[in-house]
Structures are given as C-alpha cells and as structure tokens.
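K.L.:
sequence plus predicted model, see below.
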Amino acid sequence: MFGDLRALNTHSAPDTYPLPIIQETLTQLSKAQCITFMDGLKGFHQKFLWPKPRKLLRIITSCGIYEYLRIPFGIENAPPHYQRMMNTIFPTELSEEWLIIDVITNLLRISFLV
C-alpha cells in the first residue's frame, strides 16, 4: 500500500544531514581491492514513527484508514534520517561509503529485474 506524499514533502522542513556524494563513493569503490555488499534489511522500515508524524502519513482507502508505523519510502527526509540513524548505530565501524552501498545494491537488483 502506498500514498502520494508529494504534498506532504512540500510542507516539511528539509533535513540537512549530510549524505554521501554518489560520485565520490563510486570513485572510492573503484580503488578498492575487495568490495563487500551488505544489505540493511528493509532499511527505512526499521525505524518506528512517533505518533504525530503517523497522523500526517495516513492513507484513506476503501477498506479504511491506513497509518504507517514505520518510515515509508517517498518521504523527502527519509534518506538523511536513515543516514543519521546508521551513523549513530555504527559510529566507528562504518564510513559514509559503506552506507550508500546498500542503496547501490538495491539499485543493482532493480536494474537486473528490468
């Protein structure tokens, strides 16, 4: 189930937490002798939402009202929030390059399915 979150995104204050620059990450990866891919299982869906944001993310359907309990895809601030969460969980173990690999892995999977 999904909803069109564009209107919500236009009214939310942008999260300015720094994200890795993809080109720099790919340059770093090209210099590596060994690359390991790790997938953060259902990345955004690991983080629960507080009650107030849940109300803003309600979707009205013919079967009733659906309310996200975890961060869905499509929210403008989800990537910086996820990056901050991963940097908090793995402050020394992971560099910014490691965190973007999850996105690269997911993109590679999608391109093979097309």
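P.N.:
Perfect, I can see it now.
K.L.:
which stretches in this protein count as strands?
P.N.:
58-61, 64-67 (DSSP state E).
K.L.:
tell me how far the last one lies from the chain's centre.
P.N.:
Per C-alpha atoms, centre = their mean, to the nearest Å, the displacement of strand 64-67 from the mean C-alpha position of its chain is 23 Å.
K.L.:
so, low pLDDT: which residues of this structure?
P.N.:
Low-confidence segments of the chain (pLDDT under 70): 36-42, 92-114.
K.L.:
so which residue is smack in the middle of it?
P.N.:
Compute the mean C-alpha point of the chain, and by C-alpha atoms, centre = their mean the closest residue is P79, 4.0 Å away.
K.L.:
what about the nearest residue to it once chain neighbours are set aside, how many residues nearby?
P.N.:
In space, and not counting its chain neighbours, P79 is closest to L19: 6.0 Å by C-beta to C-beta, 6 or more residues apart in numbering. Placement of C-beta: from N, CA and C, glycine included. L19: 17 surrounding residues under other C-beta atoms under 10 Å.
K.L.:
was I right about L19 contacting A78?
P.N.:
No: L19 is beyond contact range of A78, at 11.2 Å (criterion: C-beta atoms under 8 Å).
K.L.:
quick revisit: format the strands of the chain as JSON lines; extra columns: distance to T27 and mean neighbour count.
P.N.:
JSON lines is the format used below for the strands of the chain (distance: least, C-beta to C-beta, whole Å; neighbours: other C-beta atoms under 10 Å):
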{"stretch": "strand 58-61", "distance to T27": "40", "mean neighbour count": "11"}
{"stretch": "strand 64-67", "distance to T27": "42", "mean neighbour count": "10"}
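K.L.:
among these, which is nearest R84?
P.N.:
Nearest to R84 among these is strand 64-67 (23.6 Å), distances taken as C-beta to C-beta.
K.L.:
what packs against the closest one?
P.N.:
Packing partners of strand 64-67 (3 or more C-beta pairs under 8 Å, 6 or more residues apart in numbering; DSSP states H and E): strand 58-61.
K.L.:
any chance you could map the helices in this protein?
P.N.:
6-11, 22-30, 51-56, 78-89, 96-113 (DSSP state H).
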